[in-house]
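Peer 1: Sharing a model that was predicted from the sequence below.
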Amino acid sequence: MAVTAAILMSGCTNAPSIGVLGAYFPDWLFCIVAGVVLTIIIHLILGRLQASHLIRPAAVAYPALVTFLSLAVWLMLFQH
């Protein structure tokens, strides 16, 4: 019984968080914000270059780009 409880409790660790002005925020929140901001920058660059037609369908491509960039930021900055 004790071994089973120990195995189940091993997943209960502190959440990775960052202190910002006294408040702690989870890492994934910063990564999602960074992914959205980077996607907006890419969208603006493609619009300026008149190459926005390269990303079709936009309803699938932009959420996938946000996901990819968020995960990439997480891997680069918060992987311990």
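Peer 2: Yep, that arrived. Everything numeric in this text was worked out from a predicted model, so none of it was measured. Residues are numbered from 1 along each chain as shown.

Peer 1: residue ranges for the strands of the protein, please.
Peer 2: 17-20, 23-26 (DSSP state E).

Peer 1: what's the average pLDDT for the last one?
Peer 2: This points to strand 23-26. Across strand 23-26, pLDDT averages out at 70.

Peer 1: How about the spatially most central residue of the chain: what's its closest non-neighbour residue?
Peer 2: The residue lying closest to the centre of the chain (CA atoms, centre = their mean) is S70, at 2.9 Å. Nearest-residue entry for S70: G35, 3.2 Å, with adjacent residues in sequence omitted and distances by CB to CB, 6 or more residues apart in numbering. All C-beta spots, glycine's among them, are computed from the backbone N, C-alpha and C.

Peer 1: do the same with A34
Peer 2: In space, A34 is closest to V73, 4.5 Å off (CB to CB, 6+ apart).

Peer 1: The biggest helix by length in the chain - contacts with which helices or strands?
Peer 2: In the chain, with assignment by DSSP state H, the single longest helix is helix 27-48. In terms of contacts (3 or more CB pairs under 8 Å, 6 or more residues apart in numbering; DSSP states H and E), helix 27-48 is packed against strand 17-20, helix 58-77.

Peer 1: any idea which of those is most buried?
Peer 2: helix 58-77 (a mean of 14; mean count of other CB atoms under 10 Å).

Peer 1: returning to what we had before: give me the contacts around the longest helix of the chain.
Peer 2: With contacts defined as CB atoms under 8 Å, 6 or more residues apart in numbering, helix 27-48 is touched by 16-18, 52, 54-55, 62, 65-71, 73-74, 77-78.

Peer 1: switch the cut-off to 6 Å
Peer 2: P16, S52, L65, V66, L69, S70, V73, W74, F78 (CB atoms under 6 Å, 6 or more residues apart in numbering).

Peer 1: Which two of those residues have the greatest separation?
Peer 2: P16 and S52 (35.7 Å; CB to CB).

Peer 1: returning to that earlier point: with pLDDT and distance to A6 as extra columns, can I get the contacts of helix 27-48 in JSON lines?
Peer 2: Shown next, in JSON lines, are those (pLDDT from 0 to 100; distance: CB to CB, whole Å):
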{"residue": "P16", "pLDDT": "64", "distance to A6": "22"}
{"residue": "S52", "pLDDT": "83", "distance to A6": "54"}
{"residue": "L65", "pLDDT": "95", "distance to A6": "42"}
{"residue": "V66", "pLDDT": "96", "distance to A6": "38"}
{"residue": "L69", "pLDDT": "96", "distance to A6": "38"}
{"residue": "S70", "pLDDT": "92", "distance to A6": "34"}
{"residue": "V73", "pLDDT": "91", "distance to A6": "34"}
{"residue": "W74", "pLDDT": "86", "distance to A6": "29"}
{"residue": "F78", "pLDDT": "74", "distance to A6": "27"}
